[in-house]
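Enquirer: Based on what follows, work out the 3D shape:
(one chain, ligands or ions: 1)
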Amino acid sequence: MMFEYEEDEDPMEQQKEELTHHSTDHSGSPQENPFRFSYDTGKRAASMFVTPSSEDLIAYGTKHLLDSPTAVQRSLVLNATTSLNIDCDLSSDEDLSPTTQRKICFCASQNPVETQEQGLRQAKSTLTVSFPYHQHQITEDYTISAEIIGIGESGKVMACYKKNTGEKFALKVLRDSQKARREVELHWLTNAHENVVSILDIYENTFDNVKCLLMVVEFLEGGDLLSQFESQGSIPYTEKKVGEIIRQIGNAVMYLHDMNIAHRDIKLENILCSGTGDNCVYKLGDYGFAKRPERNVLMESPCCTPFYAPPEVLGRERYDKSCDMWSLGVAMYILLCGYPPFYSMKGVALSPGMRSRIANGYYAFPHEEWDCVSKDTKDDIRCLLRTNPSDRLTIHELMATPLVTGEPIVPGRLVTTAIAIPGAEEPECEGGIFEGFIPEEEEEIPEITDTVGEILPVPKSVRFLRDGVKAPRLHSIQEEVGRAMEIMRMGHDQVYVKNPTSSCNNLFARRRAIHLSIPRVHC
Ligand SMILES: Nc1ncnc2c1ncn2[C@@H]1O[C@H](COP(=O)(O)OP(=O)(O)OP(=O)(O)O)[C@@H](O)[C@H]1O
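Expert: You can find the predicted model right below:
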């Protein structure tokens, strides 16, 4: 869907009129001070890049939300500064959910005058959405601290402090690129949701001749969910707690999916926590791989972290938002037992065996951790980890499950032995219930030296599902995953292709010896 205008209307004029009318200026003209404004919706505080008072803004948004979403949506187009296509069809208002409309109203309100000309230039061609940003130095507004809040693939996340309030925020610096712009744009587009990390300010600054985008986001004191989970010893969470996390993050995912945006990198590290207590608010962050497909075009680029990557991504087939559902299933699985459903026995991020198990949907629910989990919840995970994307639960279906709605669920057998085990028909093995098929060609299972706990009396084919990946290894696995991410995320910028004549890799060497007439390299 593309933005469309009716030929006889001039949206520029209309928006100018609306901005003039609604911008009751308290601190200067919009040109002088277009970015200084904070509002509090009651849910969150965020700088909205506008000058009107919060009442004006909300009234403005509400008015247009209720009376004339089209007018506001048209004005949103005037923010356009890049060629990214955001496929909202403004010719049909009913396509937009109320939340979507509300967000778009806010976007429209924040429109800095400086972008209007650019918007006009694009108005009757391909109409796109972008984000407003400052071009002055971030250090005019924030003090950048040396404190590192987190480290990710794209660099460090630093602490920064707003100069006039002393408030702490998180600063993510991205080297300017098409990918970075897409990350910021899609995050910006969804940032009004209460379970999405709020963006406060965006800057385009140049350091040592390198143009960067700097994103100031709210600081979540509880850190990321993986660290929080590990800091309490990776002890499995209760279904109630997991249900609450999935309810909140699922709400954010539903918001994204309703806007036809897939996050594509849902994992515990990208779920941020407002605190550590019972009232923790969970928020989705890191849109580094988020994508909005063109209409009816499924996303094709492989991304995601291997542990969370669905088969169709690994298989480089087409996929869509259902990859987020797979990743939610993986996240649920980890939180409920303390280890991931798929992993490499060799301690690498993605082995052929792990790939094969993912492709076949082959994982287990070992008795020790899973017997106390209800069959309903295990069924939810099964429905999320289906190898065929079209068979997977949608986000709307997940949000209606008892786990998420909080309806009573029949507990697993360790909680009460009086209840019949509905999973009696489930395929069982000595080590637990397993799913999928046993791959015909398994990877060699090496001697496991770092196994925590006893070796279970299970067939070799199933053993890898349990051994060696107990809680203490989770973090090191995640680190390995991090190192492998550049390869996994080849859908975007670059693909690293090893030199077949000089590469040293045992698997490659074996295959080369068997299949290829490439001279052998001694590693
Ligand atoms: N707003 C925030 N509040 C608190 N901690 C944060 C915040 N943003 C990021 N972090 C921490 O920094 C880490 C890395 O952040 P982020 O995921 O945004 O970076 P990245 O480079 O995109 O990472 P990835 O490796 O997932 O691509 C997070 O896992 C989290 O621990």
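Enquirer: what does the chain have sitting close to the ligand?
Expert: Proximity of the chain to the ligand (C-beta under 6 Å from any ligand atom) is limited to residues 149-150, 152-155, 157, 170, 172, 197, 217-220, 223-224, 269-270, 272, 285-286, 288. The C-beta positions use only the backbone N, C-alpha and C, and glycine is treated the same way.
Enquirer: Next, the buried residues of stretch 193-206.
Expert: Within stretch 193-206, the residues that count as buried by 16 or more other C-beta atoms under 10 Å are H193, N195, V196, V197, S198, I199, L200, D201, I202, Y203, E204, N205.
Enquirer: for stretch 130-143, same thing?
Expert: Along stretch 130-143, these residues count as buried under the neighbour rule (16+ other C-beta under 10 Å): S130, F131, P132, Y133, H134, I138, D141, Y142.
Enquirer: What is the top strand by length along the chain packed up against?
Expert: Identified as the longest strand of the chain according to DSSP state E is strand 142-152. On a contact count with 3 or more C-beta pairs under 8 Å, 6 or more residues apart in numbering; DSSP states H and E, strand 142-152 meets strand 155-162, strand 168-175, strand 223-224.
Enquirer: I'd like to know the average pLDDT value across the shortest one.
Expert: The average of the pLDDT scores along strand 223-224 is 94.
Enquirer: Which residues does that strand contact?
Expert: Identification of contacts with strand 223-224 by C-beta atoms under 8 Å, 6 or more residues apart in numbering yields I149, G150, L268, E269, N270, I271, L272, C273.
Enquirer: same check, this time on the second one
Expert: By C-beta under 8 Å, 6+ apart, the residues outside strand 168-175 that reach it are 138, 142, 144, 149-150, 154-162, 180, 183-184, 200, 210-220.
Enquirer: Next secondary structure element downstream of the helix or strand harbouring A359?
Expert: Here A359 sits within helix 352-360, counting by DSSP states H and E. Next in sequence after helix 352-360, counting helices and strands by DSSP H and E, comes strand 364-366.
Enquirer: Check which strands are paired with that following strand and give the direction for each one.
Expert: Sheet pairing for strand 364-366, assigned by DSSP bridges, gives strand 432-434 (antiparallel).
Enquirer: re the thing from before, is it possible to mark the buried ones in the contacts of strand 168-175?
Expert: Taking 16+ other C-beta under 10 Å as the criterion, what is buried in these is 138, 142, 149-150, 154, 157-162, 180, 183-184, 200, 212-220.
Enquirer: Could you identify the most distant pair in the contacts of strand 223-224?
Expert: Using C-beta to C-beta, the two most remote members of these are I149 and L268, lying 16.3 Å apart.
Enquirer: For the stretch 151-300 of the chain, which segments are assigned as strands?
Expert: 155-162, 168-175, 199-207, 210-218, 223-224, 271-273, 282-284 (DSSP state E, counting those that start in this stretch).
Enquirer: sorry, back to before: same list (the contacts of strand 223-224) but as CSV, adding pLDDT.
Expert: Output for the contacts of strand 223-224, formatted as CSV (pLDDT from 0 to 100):
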residue, pLDDT
I149, 93
G150, 87
L268, 94
E269, 92
N270, 94
I271, 97
L272, 97
C273, 98
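Enquirer: Going by neighbour count, which of the residues you listed comes out on top?
Expert: Among those, the one with the most neighbours (other C-beta atoms under 10 Å) is L272, at 28 neighbours.
Enquirer: isn't that residue right next to S227, touching?
Expert: No - checked against C-beta atoms under 8 Å, the pair L272 and S227 is beyond contact range at 10.0 Å.
Enquirer: if we can go back for a sec, right, and the helices and strands packed on strand 142-152 - which one's nearest L336?
Expert: Across the helices and strands packed on strand 142-152, L336 has its closest neighbour in strand 223-224 (18.1 Å, C-beta to C-beta).
Enquirer: Direction included, what does the closest one pair against?
Expert: Under the criterion DSSP bridges, strand 223-224 sits next to strand 271-273 (antiparallel) in its sheet.
Enquirer: What lies in contact with the strand it pairs with?
Expert: 197, 220-225, 228, 245, 249, 280-285, 331.
Enquirer: What subset of those is buried?
Expert: Buried subset of the contacts of strand 271-273 (neighbour count, 16+ other C-beta under 10 Å): 197, 220, 222-225, 228, 245, 249, 280, 282-285, 331.
Enquirer: Which segments of this structure make up each domain?
Expert: As recorded under the TED database, the domains making up the chain are 138-218, 223-299+309-406+474-489.
Enquirer: got the end-to-end distance for the shortest one?
Expert: With C-alpha to C-alpha, to the nearest Å as the measure, the ends of domain 138-218 fall 16 Å from one another.
Enquirer: picking that back up, the helices and strands packed on strand 142-152 into CSV, with extra columns for distance to L398?
Expert: Shown next, in CSV, are the helices and strands packed on strand 142-152 (distance: least, C-beta to C-beta, whole Å):
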stretch, distance to L398
strand 155-162, 29
strand 168-175, 28
strand 223-224, 22
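Enquirer: burial of the nearest residue to I246 once chain neighbours are set aside, as a residue count?
Expert: Counting by C-beta to C-beta, 6 or more residues apart in numbering, I246 lies nearest to V404, which is 5.5 Å off, once chain neighbours are set aside. By other C-beta under 10 Å, 20 other residues sit near V404.
Enquirer: quick one: average confidence on the helix or strand harbouring V404?
Expert: Using DSSP H and E, V404 falls within helix 402-405. Averaging pLDDT along helix 402-405 gives 95.
Enquirer: Not counting its own residues, what contacts it?
Expert: Contacts of helix 402-405 (C-beta under 8 Å, 6+ apart): 239, 242-243, 246-247, 250, 376-377, 380, 398-399, 408-409.
Enquirer: mind running it again at 10 Å?
Expert: With contact meaning C-beta atoms under 10 Å, 6 or more residues apart in numbering, helix 402-405 is reached by 239-240, 242-248, 250-251, 332, 336, 373-374, 376-377, 379-381, 397-399, 408-410.
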